[in-house]
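Colleague: Coordinates for the following, if possible.
(2 chains)
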Amino acid sequence: MPTHNEEIAHAFDEIADLLEIEEANPFRVRAYRNAARSLRGLGQEITELVANGEDLTRLPGIGKDLAAKIQEMIETGKVRTLNELHKEVPAGVEDLLQIPGLGPKRVKALYHSLGIKSVKQLEQALRAGRVRSLSGFGVGIERNILTVIEAHRETEKRFLRANVVPYAEALVTYLKRTRGVKDVVMAGSYRRGRETVGDLDILVTTSGKTATMERFVGYDEVEEVVSKGTTRATVILRNGLQVDLRVVAQQSFGAALYYFTGSKAHNIQVRRIGQQRGLKINEYGVFRGKQRIAGKTEASVFKSVGLPYIPPELRQGRGEIEAAYEKRLPKLVQRADLQGDLHCHTVATDGHAGIREMALAARQHGLKYLAITDHSQHLTIAHGLDSSRLLKQIDEIDRLNDELSGITLLKGIEVDILADGSLDLPDQVLSRLDLVIGAVHNQFHLTRDKQTERILRAMDRPCFTLLAHPSGRLLQKREAYDVDMARIIEQARARGCFLELNSQPQRLDLDEYYCRMAHDEGVMVSINSDAHAEQNFDFLQYGINQARRGWLEKADVLNTLPLRELRARLRSTMR
DNA sequence: GCCGTTTTCGGCCCGACTGTTTTCAGTCG
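Modeller: Presented below is the predicted three-dimensional model:
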């Protein structure tokens, strides 16, 4: 049973929680949290590193002691330290830390004074008014925690980026219409382009006194005001989304934007570098002693520690700072680099528009070519194409290409990869197409070996061009199927075929880790909309966000090629 | 518990808001 990074990270977080409740040295606590974060950001299974005999203490935040604990975890599946800690504080108590407003001190008091070991017990104690008498508590805190427990029973969940975009944009527009307000920008994970966001962070700069805070908490969608000061406020919207607002003076714009964009891991690294250089970096600027030396722009903050500008999508604390110092930051792909789209559907299967309408919509979105790739017969629920319908569609595309200007249609198919790795249509039909996208749409629960073999076999077919949504994940709905993606990427390199980055907001598949692996291995990725309707070409922006988080450059992306070159590349994969 | 272009000891990112306190501890991002 392999041990995954997340399990070890979780164990370290749990140790940190328990140590905190025990009032251990806060820096020791932080060491465990740093190590957990480091493991989560690794992008590679730690068991592989161990198997390759790598020295774990070379990983950031992992020293001799924690390296040994990782070994212990891999070998025995547990850590003695954690079991020891549980003798003092039973399992479950640390869950109380997840409740906003409860930190280690209060949790410790709740457990030691009242014996509270679960959220449920806490709720009962709160209702009985037994909590208010504890020192450090009061009626106010009692009431607040109760409200939070009730309101957040269903939360701790993140929102799909696409679902919060309208809220973010509306709120920004609303705040911009405030007197004295200069800039209103989104920061946080939203700005870093993450596929899901836990909350929205909005930064506002003002000149002089304004009523920004009042206007913010008075927003129509606000259900609850969590906190409100002069420079910072937090609200919960009616849909459960938390929004944090920060207000700073114009001169601090860059420092504040940098600070609130994060990520936390990235910021901590840079502040530490600043510290080594005798600088203090906070949201108001970069300071040497009392003197403010930078902060008007983000670039000035980076410059103060000798770094070039690092795009938000890369600020994850995963090697971007080292890469920046060594001048090997990627030049990230942009939406404008995309020349076409290689995956869409029409009314022939489960799409909502005809070929012509999709072509015109693609052209409207600035694309020069579009591959029509409806489903194949095996996907009956989508009314997939059999050979004869596909051949008819090929003729129709030929006719439309004669007629349409400014957009070229490519003939393709999203063909099912069957359980045995064969494709759902015969080679002689597939060979008439410009490209063949293979996709797994069933049998998600095969063993890792079988699933991997299935896909590798399909990729080996003579007509195979591109692997659609390679992991099959649906964000917040379905886990990726168990598959050896490193082998698939290796096979794509050897075979000369390509991987898709599917831009559907709930897919965004490849994920950022495997994008980076493809980049490192020299495998080209196609950023596709998988549009099922005319407006779905907007999804491409989400794919671009994801690609940028995965360090992809223009040269890594198949559909940045002009049509002629693209055709040549596609032909080269057919054999 | 980690870490080192001032250091193998002595540091460890930084500030805002709330509520319970009479000047600050706890919590959060």
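Colleague: make it CA atoms for all contacts and neighbour counts henceforth
Modeller: Fine.
Colleague: Test my guess that A:G77 contacts A:T3.
Modeller: Yes. A:G77 lies in contact with A:T3 (Cα atoms under 8 Å); the separation is 7.2 Å.
Colleague: More neighbours: which of the two?
Modeller: A:T3 (17 against 14; other Cα atoms under 10 Å).
Colleague: looking at it, the more buried one is touching A:T76, isn't it?
Modeller: No. A:T3 lies out of contact with A:T76 (Cα under 8 Å); the separation is 9.7 Å.
Colleague: So what does A:A336 look like in phi/psi?
Modeller: phi -70, psi -20 (degrees, to the nearest 10).
Colleague: So which residues on the stretch 1-150 of chain A come close to DNA strand B?
Modeller: The stretch 1-150 of chain A comes close to DNA strand B at residues A:25, A:27-32, A:57-67, A:97-107, A:135-142, A:144, as judged by Cα under 7 Å from any atom of the strand.
Colleague: Return the members of the residues you listed classed as buried.
Modeller: Among those, those classed as buried by 16 or more other Cα atoms under 10 Å are A:29-32, A:61-63, A:66-67, A:97, A:99, A:103-104, A:106-107, A:141-142.
Colleague: Quickly list the domain ranges of chain A.
Modeller: A:5-151, A:157-328, A:335-573 (automatic domain parsing).
Colleague: Which one of these has the poorest average confidence?
Modeller: Lowest mean pLDDT of the domains of chain A: domain A:5-151, a mean of 87.
Colleague: how distant is that one from the center of its chain?
Modeller: Relative to its chain's centre, domain A:5-151 lies at 24 Å (Cα atoms, centre = their mean, to the nearest Å).
Colleague: Can you report how many residues neighbour the closest residue to A:C515 other than its chain neighbours?
Modeller: Nearest non-adjacent residue to A:C515, counting by Cα to Cα, 6 or more residues apart in numbering: A:G550, 4.9 Å away. With neighbours defined by other Cα under 10 Å, the count for A:G550 comes to 23.
Colleague: any idea how far A:E320 is from A:G550?
Modeller: For A:G550, the distance to A:E320 equals 11 Å [Cα to Cα, to the nearest Å].
Colleague: what's the overlap in contacts for these two?
Modeller: A:L314 (Cα atoms under 8 Å, 6 or more residues apart in numbering).
Colleague: most packed of the domains of chain A?
Modeller: domain A:335-573 (a mean of 20; mean count of other Cα atoms under 10 Å).
Colleague: tell me the contacts of A:T206?
Modeller: So A:T206 contacts A:180-183, A:247-250 (Cα under 8 Å, 6+ apart).
Colleague: Same list (the residues you listed) but as JSON lines, adding distance to DNA strand B and secondary structure.
Modeller: Formatted as JSON lines, these follow (distance: Cα to the nearest atom of the strand, whole Å; DSSP: H, G, I helix; E, B strand; the rest coil):
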{"residue": "A:G180", "distance to DNA strand B": "18", "secondary structure": "coil"}
{"residue": "A:V181", "distance to DNA strand B": "17", "secondary structure": "strand"}
{"residue": "A:K182", "distance to DNA strand B": "18", "secondary structure": "strand"}
{"residue": "A:D183", "distance to DNA strand B": "18", "secondary structure": "strand"}
{"residue": "A:V247", "distance to DNA strand B": "8", "secondary structure": "strand"}
{"residue": "A:V248", "distance to DNA strand B": "9", "secondary structure": "strand"}
{"residue": "A:A249", "distance to DNA strand B": "11", "secondary structure": "strand"}
{"residue": "A:Q250", "distance to DNA strand B": "15", "secondary structure": "helix"}
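Colleague: Specify which member of those residues is nearest to A:D199.
Modeller: The closest of those to A:D199 turns out to be A:V247 (Cα to Cα; 17.0 Å).
Colleague: where does the residue in chain A sticking out farthest from the centre land in three-state SS?
Modeller: Relative to the centre of chain A, the most outlying C-alpha is that of A:S133, 43.2 Å out, by Cα atoms, centre = their mean. Classification of A:S133 using DSSP: H, G, I helix; E, B strand; the rest coil returns coil.
Colleague: mind checking how far it is from A:V139?
Modeller: 8 Å.
Colleague: quick check, stretch A:159-170 touching DNA strand B?
Modeller: No. Applying Cα under 7 Å from any atom of the strand, one finds stretch A:159-170 separated from DNA strand B by no less than 14.8 Å.
Colleague: so how far is that stretch from its chain's centroid?
Modeller: Here the centre of mass of C-alpha atoms in stretch A:159-170, compared against the chain's by Cα atoms, centre = their mean, lies 14 Å away.
Colleague: now swap in stretch A:224-242 and tell me
Modeller: 24 Å.
Colleague: Give me the residues contacting it.
Modeller: Residues contacting stretch A:224-242 (Cα under 8 Å, 6+ apart): A:155, A:159, A:198-200, A:213, A:217, A:221-223, A:243-248.
Colleague: And the strands in the stretch 401-550 of chain A?
Modeller: A:408-416, A:435-439, A:466-467, A:498-502, A:525-528 (DSSP state E, counting those that start in this stretch).
Colleague: Make JSON lines out of these and add distance to DNA strand B.
Modeller: Formatted as JSON lines, the strands of the stretch 401-550 of chain A follow (distance: least, Cα to the nearest atom of the strand, whole Å):
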{"stretch": "strand A:408-416", "distance to DNA strand B": "42"}
{"stretch": "strand A:435-439", "distance to DNA strand B": "39"}
{"stretch": "strand A:466-467", "distance to DNA strand B": "38"}
{"stretch": "strand A:498-502", "distance to DNA strand B": "30"}
{"stretch": "strand A:525-528", "distance to DNA strand B": "31"}
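Colleague: And those: which comes nearest A:Q535?
Modeller: That would be, of those and by Cα to Cα, strand A:525-528, which comes in at 13.7 Å.
Colleague: Do you have the helices of the stretch 251-400 of chain A handy? List them.
Modeller: Counting by DSSP state H, counting those that start in this stretch, the stretch 251-400 of chain A has helices at residues A:253-261, A:264-276, A:298-304, A:320-325, A:355-364, A:387-403.
Colleague: Kindly reformat those helices as JSON lines containing distance to DNA strand B.
Modeller: Shown next, in JSON lines, are these (distance: least, Cα to the nearest atom of the strand, whole Å):
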{"stretch": "helix A:253-261", "distance to DNA strand B": "7"}
{"stretch": "helix A:264-276", "distance to DNA strand B": "5"}
{"stretch": "helix A:298-304", "distance to DNA strand B": "13"}
{"stretch": "helix A:320-325", "distance to DNA strand B": "11"}
{"stretch": "helix A:355-364", "distance to DNA strand B": "38"}
{"stretch": "helix A:387-403", "distance to DNA strand B": "51"}
